[in-house]
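[1] Sharing a model that was predicted from the sequence below.
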Amino acid sequence: MVGRASAGALLAGAVLLASCGGGELRTESEVVEDFAQRVLSGLDFGLSGHIAADAWDAETRTFTGVRIDGSQSQIGTAQRAEVLVNAERRTLVLRVYGVAFADSESGQIVTRDVLVTEPFRVRERFVPDERERVDRIGTAGAEPVRR
């Protein structure tokens with residue numbers, strides 16, 4: 001059976017994301033949109049992981065129709081996944097909702113309400129969007145959460 005730790009491990013493995021730009025300072029929205037296009041095309045992570053999605057909503061920064069392949073024996077689907085950004089650390093994470101993993105070796109299916117990926121690291125610095133700066137006022141260092 002895919003246990004709690006192994007289901008989370010399916011989403012582990014930081015990926016270094018390189019930009020297509022020529023070294024110019026980019027905005028958070030540009031970085032997120034590049035990341036979204038990679039996920040829509042299928043993004044490899046960790047040693048043998050792969051994540052893809054059917055659709056992307058740029059306004060809510062949410063994917064739908066998410067497929068996660070953690071290895072040849074463990075695959076999963078999710079209802080949706082939202083992108084969360086930390087510009088200071090230059091990372092993106094996916095908060096994935098309504099996850100179901102199937103383990104072909106055991107024949108078991110495990111469900112999770114929510115999983116959060118390990119950070120996807122962005123090589124270059126980028127500036128937070130103006131709306132992020134407004135959202136952070138009074139949050140005492142809390143990372144912004146999109147709903």
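    Alright, I've got the coordinates.

[2] just for this structure, where's the confidence low?
    Scanning the chain with the threshold set as pLDDT under 70 gives 1-23, 71-73, 131-147.

[3] does the residue positioned nearest the centre of it belong to a helix or a strand, and which?
    Centroid check for the chain by Cα atoms, centre = their mean gives residue 94 as the closest residue, at 2.6 Å. Assessed by DSSP states H and E, residue 94 sits inside strand 91-103.

[4] Parallel or antiparallel, list what pairs with the helix or strand following that strand.
    The helix or strand immediately downstream of strand 91-103 is strand 109-116, counting by DSSP H and E. Here strand 109-116 has these sheet partners by DSSP bridges: strand 91-103 (antiparallel).

[5] in the partner strand, what's buried?
    Residues of strand 91-103 classed as buried by neighbour count (16 or more other Cβ atoms under 10 Å): 91, 92, 93, 94, 95, 96, 97, 99, 100, 101, 103. Any C-beta I mention is one placed from the backbone N, CA and C, and that applies to glycine too.

[6] Export only the CA atoms of that strand, formatted as PDB.
    What follows is strand 91-103 as a C-alpha-only set of coordinates in PDB (Å, rounded to 0.1, in the frame of the first residue of the first chain):
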ATOM      1  CA  THR A  91      10.600  28.800  -4.900                       C
ATOM      2  CA  LEU A  92       7.200  27.600  -6.100                       C
ATOM      3  CA  VAL A  93       5.300  24.800  -4.500                       C
ATOM      4  CA  LEU A  94       2.100  23.000  -5.500                       C
ATOM      5  CA  ARG A  95      -0.700  22.500  -3.000                       C
ATOM      6  CA  VAL A  96      -2.500  19.500  -4.500                       C
ATOM      7  CA  TYR A  97      -6.200  18.700  -3.500                       C
ATOM      8  CA  GLY A  98      -8.300  15.500  -3.800                       C
ATOM      9  CA  VAL A  99      -5.400  13.200  -4.500                       C
ATOM     10  CA  ALA A 100      -5.700   9.500  -5.200                       C
ATOM     11  CA  PHE A 101      -2.700   7.200  -5.600                       C
ATOM     12  CA  ALA A 102      -2.700   3.700  -7.000                       C
ATOM     13  CA  ASP A 103       0.100   1.300  -6.300                       C
END
